[in-house]
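1. With the input below, show me the fold.
(one chain, ligands or ions: 3)
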Amino acid sequence: MEPTKIRIAVQKSGRLSEESLKLFKECGIKFESGGSKLKTVSSNFPIEFLFLRDDDIPGYVEDGVADLGVIGENVLMEHKRQVDIVKELGFSKCRLSLAIPRNEVYTGLEYFQGKNIATSYPNLTNAFLDKQGIQVTTHEISGSVEIAPSIGLAEAICDIVSTGGTLLSNGLKEVATVFNSQAVLISNNTLDLAKQDILAKLLFRIDSVQRGQNAKYVVLNAHEDNLDKITALLPGMKSPSVMPLTEKGWYSLHSVISENDFWEIIESLRTAGAEGILVLPIEKMIL
Ligand SMILES: Nc1ncnc2c1ncn2[C@@H]1O[C@H](COP(=O)(O)OP(=O)(O)OP(=O)(O)O)[C@@H](O)[C@H]1O
Ligand SMILES: O=P(O)(O)OC[C@H]1O[C@H](OP(=O)(O)OP(=O)(O)O)[C@H](O)[C@@H]1O
Ligand SMILES: [Mg+2]
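-> Ligands and ions are numbered 1, 2, ... in the order given. Alright, predicted model coming up:
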């Protein structure tokens, strides 16, 4: 009998593709990608990749055609499929926002009462406004939504925003956020035990990669007079390593710093007398 494999659906080409493939490669999973091949099996992990249009992924995972999928939360929430979100992946971050022509005076959400709104996300748009007691007519279009007000299709739009560049170049301004999104790993909710086991192994690898991405390895030199002050600033995975240098009275300290408070800690280290600070990326971090 063939050993069990888990089947994962990822976007063929688009805003999710590159980062999805990068993540699985960083997890040490080898596979061929690119070209016109829509299905490929890894040579060193029990996983098969399907390359699909993103909109189809939640449905495939709900039906069990794929066991796992990578999808933007925005698409998932719009279609309300019965799947489990097993991991937030931290990339393809964007928001679904309401926008209106730049020269309009915005008066708050009541502005939208009775208006026509063009969007690829009618369910999320209606649910958000309905909750505030605002009734609108949505016009569903599948792309280039930002063009709608200028061609008289709608008075406002509700679409994905990241840098805001597309809104700006189409004479629109963002006035309210409906939903904050990022890529997530989803799973069919009836995986058998063998597949659950493969998923657990995959999640362990993803966690190790993500932890590494959120931390930096720091090496620095310190004189013994400053050692206590500097050690107190360095958390490390347990506590910092302290090694004597050949020059008497001097030590080398090794530690791990979280990306979030990185610059603050570096400044405090310098003030406390740290010298020759080296900062290195961490590929994987296993607790
Ligand atoms: N500008 C952006 N910045 C960051 N993330 C984005 C941006 N635009 C979209 N996304 C996220 O990436 C997902 C995929 O976007 P993309 O534009 O590739 O979709 P698509 O055109 O529908 O692709 P497909 O051809 O697979 O149907 C979106 O659902 C959203 O979660
Ligand atoms: O705020 P910005 O950084 O300008 O990004 C927002 C744009 O990005 C997405 O479209 P995309 O470029 O993926 O094209 P698409 O319409 O073909 O999906 C989205 O639909 C917006 O139009
Ligand atoms: Mg799509």
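
2. Just give the nearest non-adjacent residue to Leu245, would you?
-> Ser252 (5.7 Å; CB to CB, 6 or more residues apart in numbering). All C-beta spots, glycine's among them, are computed from the backbone N, C-alpha and C.

3. which neighbours does the stretch of helix or strand the one you found belongs to have in its sheet, and in what orientation?
-> Assessed by DSSP states H and E, Ser252 sits inside strand 250-258. Using DSSP bridges, the strands paired with strand 250-258 are strand 215-223 (antiparallel), strand 241-244 (antiparallel).

4. Need the winner for burial among the ones you listed.
-> Stretch with highest mean neighbour count among the strands paired with strand 250-258: strand 215-223 (a mean of 19; mean count of other CB atoms under 10 Å).

5. now that one, how far from the centre of its chain.
-> Averaging C-alpha positions (CA atoms, centre = their mean, to the nearest Å) puts strand 215-223 29 Å from its chain's average.

6. try stretch 272-287
-> Its chain's C-alpha centre and that of stretch 272-287 lie 24 Å apart, by CA atoms, centre = their mean.

7. Ok, stretch 217-225 next?
-> A distance of 34 Å separates the centroid of the chain from that of stretch 217-225, by CA atoms, centre = their mean.

8. repeat for stretch 189-207
-> Counting by CA atoms, centre = their mean, stretch 189-207 is centred 19 Å from the centre of its parent chain.

9. How about residues contacting it?
-> By CB atoms under 8 Å, 6 or more residues apart in numbering, the list of residues contacting stretch 189-207 from outside reads 4-6, 23, 27-29, 45-47, 64, 67-68, 82-84, 86-87, 89, 185, 187.

10. In PDB, list the C-alpha atoms belonging to stretch 42-54.
-> The C-alpha coordinates for stretch 42-54 follow below in PDB (Å, rounded to 0.1, in the frame of the first residue of the first chain):
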ATOM      1  CA  SER A  42       7.600  16.300  -2.600                       C
ATOM      2  CA  SER A  43      10.600  14.100  -2.800                       C
ATOM      3  CA  ASN A  44      11.400  14.200   0.900                       C
ATOM      4  CA  PHE A  45       8.100  14.800   2.800                       C
ATOM      5  CA  PRO A  46       4.700  13.000   2.400                       C
ATOM      6  CA  ILE A  47       2.900  15.900   0.700                       C
ATOM      7  CA  GLU A  48       1.400  16.600  -2.700                       C
ATOM      8  CA  PHE A  49       0.900  20.100  -3.900                       C
ATOM      9  CA  LEU A  50      -2.000  21.200  -6.100                       C
ATOM     10  CA  PHE A  51      -1.600  24.600  -7.800                       C
ATOM     11  CA  LEU A  52      -5.000  26.300  -8.200                       C
ATOM     12  CA  ARG A  53      -6.900  29.600  -8.400                       C
ATOM     13  CA  ASP A  54      -7.200  30.900  -4.900                       C
END
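
11. what sits against the residue of the stretch 1-150 of the chain found nearest ligand 2?
-> When scored by CB to the nearest ligand atom, the stretch 1-150 of the chain has Gly143 as its residue closest to ligand 2, at 4.2 Å. Neighbour list for Gly143: Ser120 [criterion: CB under 8 Å, 6+ apart].

12. That one - that's part of a strand, no?
-> No. Assigned with DSSP: H, G, I helix; E, B strand; the rest coil, Gly143 falls outside any strand and is coil.

13. how far away is it from ligand 1?
-> Distance, Gly143 to ligand 1, using CB to the nearest ligand atom, to the nearest Å: 6 Å.
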